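1. Return a 3D structure for these sequence lines:
(2 chains)
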Amino acid sequence: MQKTLFSKLWNQHEVLKQGSGMSLLYIDRIFLHERTGSVSLKELELKGRKIKNPEQVFCTMDHIVDTLPGRDDNTIMPSGRDFIVSTRDAANKAGINLFDIGNDKQGIVHVISAEQGITLPGLTQVCPDSHTCTLGALGALAWGIGSSEGEHALATKTLSVKRPKLMRVRFEGKLNQGVTSKDMILYLIGKYSASGGVGHAIEFSGDTINALEQESRFTLCNMAVEFGCFTGLIAPDQKTFDFVYDRPFAPKERDFENALVFWKKLYSDDDAVYDKEIFVKSNDINPQVSWGTSPGHVIDINGFIPNPDEISDLSLRSSCLKAIDYMDLKPGQRMDSISIDAAFIGSCTNSRISDLRDVAKLVKGRKVSSGIKAIIVPGSTQIKHQSESEGLDIIFKEAGFEWRESGCSMCFYVGGESFKNGSRVVSSTNRNFENRQGPGIKTHLASPITVAASAIKGKITDVRKI
Amino acid sequence: MKKFKELSSIAIPFMRSNVDTDAIIPSREIKGVSKTGLSDGLFANWRYKNVEKREIDSSFIFNKERFTNAEILISGVNFGCGSSREHAVWALKEWGIRSILAISFGSIFFGNCVRNGILPITLSEEVIKEFISIAEDETSLNFFRIDLTTKSIFSPDNAEYNFDIIDSYADMLIEGLDPIGLTLKNKDEIDKFQREDVQKRPWVYI
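-> Numbering: from 1, shown residues only, chains lettered A, B, ... in the order given. A predicted model of the protein is given here:
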């Protein structure tokens, strides 16, 4: 029988079949962070359980730590210090790899996991963080779990998992100018809803995917969870192997050559069968922006805010009404006419060096519109250093952007730093839920270049018109 | 973990789609490295008119006296989507919820429920809508009864509905089993898998 990439990965890690579609899967890598990982470590310790292979467990400080220059263990969030200190203590005691504040490997968990060569093609990886699916872009089976499952994986190096169904999404054709992988995934969720992928793992394929650079592929897989999926996957290719080559934790020399033989078998066979298939003509995609409070509330940048009266399904209509009300918009309003208060570039979705280079190209010699709070947060300390060595930070600061230390920052509000109450923010992040970025904050999700163009114009702006 | 066999309770009709875990427990309500002290922050942005001052919004369903002791929650599509934070389940549990009936669930949230003794039940849209209208009827206290051993739900008029849940999840809930302890019974198989894997994929091992 022809095999899918997903089934190859699943079978390679299956320790036991447990009936009803459940399998005990072997977990190659576990990553933790100070918000949810700390609970797992603490609970294990309380129960007197040991981590099975601490050398294959990693932890970073990204969720709660401040991103302001000169940061330390104290945070603007009132109790943030407790998370940081207790995570550090537990990590040191457990003997796992910790990328602490000040360590040059520190950064957003899913960004550094790839950057440091911790995630490799063909591995299984879990983290108590829903965006772990980002790493599927390397051809790894990576998914988000809860803290209790985190404990389980730490103590046993396995997890019992219900095998999801498999969906293939094929993107075919050339992308239009100004369209990025962020627009591709927003378009998909906008068209098929935030629950369109529930119960499925998703494999992205097609010539558009093949043409994407590795860093753009992470953005695509990152938001598989916003589509309701178990995870996202892309078969690794030469671009992936080149990306992984020589990373600090990646195999070296002969080990790398041996791994490569293995990795080159990680693809779906031509006649493999999927439970569901979606085909997208990439040429149909324009820059996308979210208008509402679900990642499925997405329209073209040239589009109009929907009219709830035109929606027949009662529950969809009421959710549309509620979202329009929260977002303080009017049905029929043009997306590219909406004024903004702030612009945010960062998060595990879009904070990599290629994102920042694209933004720098656009904002060089331009100025952020007056009164707009504009922030750029690199995804890792390495990316920060690389940007600074290329002079990108100077370009950003001259344009009027704040330039930060790496971390999750204002992708969400932990009770510390936020935008001004009720601000309208165009953001390169992944979630536009009510109050996600702070009290009353109205989030519009978009690609980093759309965010940059909007910051310059002071309103949501089509990057192709700048 | 508290055992779950049977539950009889009034149900909260909460017919919304894509209720995310940020809404269930906002990040700023997660104030410490702990599984407790979270129920006060449950649905904070909806439950309070003013979150800082904890000014109650009496129109929000969780604030209605009728539902003070409710242990069942009924909702729509993709309940518990978004962030993996288990705090969402811990907050619901601390508030008193023991079973959630929905059309579909966020997959991480579903797993988190089972690990914490909360029974998540997936039902068709048709049944959910029927249950919602029963639960919305305020003329009487309508009790639903859930029997996990027979995988059935009885509506207040005693009509029986069946549901499906993976046997191992049901067993875990019914017996209040510790899943880590269960897995460690397979320690020999796991160790054997690892020994063989080190030979097959030596480059994986840091």
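
2. Check A:H200 and give its pLDDT.
-> A:H200 is assigned 98 on the pLDDT scale.

3. show me the contacts for it.
-> If you count contacts by Cβ atoms under 8 Å, 6 or more residues apart in numbering or on different chains, A:H200 has them with A:P164, A:K165, A:L166, A:M167, A:G228, A:C229, A:F230, A:D275, A:K276. To be clear about C-beta, it is placed using only N, CA and C from the backbone, and glycine gets the same treatment.

4. Specify the beta-bridge partners of it.
-> Counting by DSSP bridges, A:H200 is bridged to A:K165.

5. For it, give its distance to A:M167.
-> As defined by Cβ to Cβ, to the nearest Å, A:H200 lies at a distance of 4 Å from A:M167.

6. Spit out the residues that contact the two alike.
-> With contacts defined as Cβ under 8 Å, 6+ apart, the residues shared by A:H200 and A:M167 are A:C229, A:D275, A:K276.

7. Output these in TSV; the columns should cover secondary structure and neighbour count.
-> What follows is the shared contacts of A:H200 and A:M167, written out as TSV (DSSP: H, G, I helix; E, B strand; the rest coil; neighbours: other Cβ atoms under 10 Å in any protein chain shown):
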residue	secondary structure	neighbour count
A:C229	coil	25
A:D275	coil	12
A:K276	strand	14
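
8. List just the nearest of those to A:R71.
-> Each of the shared contacts of A:H200 and A:M167 was scored against A:R71 by Cβ to Cβ, and A:C229 proved nearest at 34.0 Å.

9. wouldn't that closest one be in contact with A:G197 here?
-> Yes - at 3.7 Å, A:C229 and A:G197 qualify as touching, with contact defined as Cβ atoms under 8 Å.

10. intersection of neighbour lists for the two?
-> Common neighbours of A:C229 and A:G197, counting by Cβ under 8 Å, 6+ apart, are A:M167.

11. got a list of what the residue of chain B found nearest chain A touches?
-> Going by Cβ to the nearest Cβ, chain A is nearest to B:R28 of chain B, at 3.3 Å. If you count contacts by Cβ under 8 Å, 6+ apart, B:R28 has them with A:M77, A:Y413, A:V414, A:G415.

12. just checking, it is part of a helix?
-> Yes - residue assignment for B:R28, taken from DSSP: H, G, I helix; E, B strand; the rest coil, places it within a helix.

13. Export the helix of greatest length in chain B to CSV, keeping only CA atoms.
-> Looking only at chain B and at elements set by DSSP state H, the helix with the highest residue count is helix B:187-200. The C-alpha atoms that make up helix B:187-200 are tabulated as CSV, following Å, rounded to 0.1, in the frame of the first residue of the first chain:
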residue,chain,number,x,y,z
LYS,B,187,8.6,0.2,30.5
ASP,B,188,10.2,-2.9,29.0
GLU,B,189,8.7,-2.3,25.6
ILE,B,190,9.7,1.4,25.7
ASP,B,191,13.3,0.5,26.7
LYS,B,192,13.5,-2.1,24.0
PHE,B,193,12.2,0.3,21.4
GLN,B,194,14.8,2.8,22.4
ARG,B,195,17.7,0.3,22.3
GLU,B,196,16.7,-0.7,18.8
ASP,B,197,16.1,2.9,17.8
VAL,B,198,19.6,4.0,18.9
GLN,B,199,21.0,1.5,16.4
LYS,B,200,18.6,2.5,13.6
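
14. wait, does it contact chain A?
-> Yes - under the criterion of Cβ under 8 Å from any Cβ of the partner chain, helix B:187-200 makes contact with chain A via B:K187, B:E189, B:I190, B:F193, B:Q194, B:D197.

15. Residue 188: how many residues sit nearby?
-> Picked chain A for this. Other residues lying near A:L188 total 27 when counted by other Cβ atoms under 10 Å in any protein chain shown.

16. nope, chain B
-> 8.

17. okay, how far is it across stretch A:222-235, tip to tip?
-> Taking Cα to Cα, to the nearest Å as the measure, stretch A:222-235 stretches 15 Å from start to finish.

18. Just give me the closest of the contacts of B:R28 to chain B.
-> The shortest distance between chain B and any of these, using Cβ to the nearest Cβ, involves A:G415 and amounts to 3.3 Å.

19. per-residue pLDDT, the spatially most central residue of chain B?
-> Among the residues of chain B, the one closest to the centroid is B:C113, at 4.3 Å (Cα atoms, centre = their mean). According to the prediction, B:C113 has pLDDT 97.

20. Phi, psi for it please.
-> In this entry, B:C113 is assigned phi and psi values of phi -60, psi -50 (degrees, to the nearest 10).

21. Quick one: residues contacting it.
-> Contact analysis of B:C113 by Cβ under 8 Å, 6+ apart lists B:G80, B:V89, B:I100, B:F105, B:L119, B:P120.

22. when you check those against the helices, which ones overlap?
-> Judged by DSSP H, helices contain the following of these: B:V89.

23. Farthest pair within the contacts of B:C113?
-> Among the contacts of B:C113, the pair separated by the greatest distance (Cβ to Cβ) is B:G80 and B:L119, at 13.5 Å.

24. tell me, what's touching the two both at once?
-> If you check B:G80 and B:L119 against Cβ under 8 Å, 6+ apart, the residues they both contact are B:I100, B:C113.

25. quick one, which of the two is more surrounded?
-> B:G80 (29 against 22).

26. any idea how far the more buried one lies from A:A201?
-> 18 Å.

27. quick one, strands of chain B?
-> Per DSSP state E, chain B carries strands over the ranges B:6-14, B:48-50, B:55-56, B:72-75, B:99-102, B:119-122, B:143-147, B:152-154, B:160-162.

28. Direction included, what does the first one pair against?
-> In the sheet containing strand B:6-14, its partner strands are strand B:72-75 (parallel), strand B:143-147 (antiparallel), by DSSP bridges.

29. Could you look up the SS state of A:T443?
-> The local conformation at A:T443, judged by three-state DSSP, is strand.

30. same question but for A:N176, I mixed them up
-> The assignment at A:N176 comes out as coil when based on three-state DSSP.

31. Could you double-check that it lies in contact with A:N283?
-> Yes - at 6.6 Å, A:N176 and A:N283 qualify as touching, with contact defined as Cβ under 8 Å.

32. Next secondary structure after the helix or strand that contains A:S318?
-> Taking DSSP states H and E as the definition, one finds A:S318 inside helix A:314-327. Per DSSP H and E, helix A:314-327 leads on to strand A:342-345 as the next helix or strand towards the C-terminus.

33. List the buried residues of the next helix or strand after that next one.
-> Sequence-wise, the next helix or strand downstream of strand A:342-345 (DSSP H and E) is helix A:353-363. Under the neighbour-count criterion of 16 or more other Cβ atoms under 10 Å in any protein chain shown, helix A:353-363 has A:I353, A:S354, A:D355, A:L356, A:R357, A:D358, A:V359, A:A360, A:L362, A:V363 buried.

34. Now pLDDT and distance to chain B too, for those residues, in a markdown table please.
-> Written out in a markdown table, the entries for the buried residues of helix A:353-363 read as follows (pLDDT from 0 to 100; distance: Cβ to the nearest Cβ, whole Å):
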| residue | pLDDT | distance to chain B |
| --- | --- | --- |
| A:I353 | 98 | 25 |
| A:S354 | 98 | 26 |
| A:D355 | 98 | 22 |
| A:L356 | 98 | 25 |
| A:R357 | 98 | 29 |
| A:D358 | 98 | 27 |
| A:V359 | 98 | 26 |
| A:A360 | 98 | 30 |
| A:L362 | 98 | 30 |
| A:V363 | 98 | 29 |
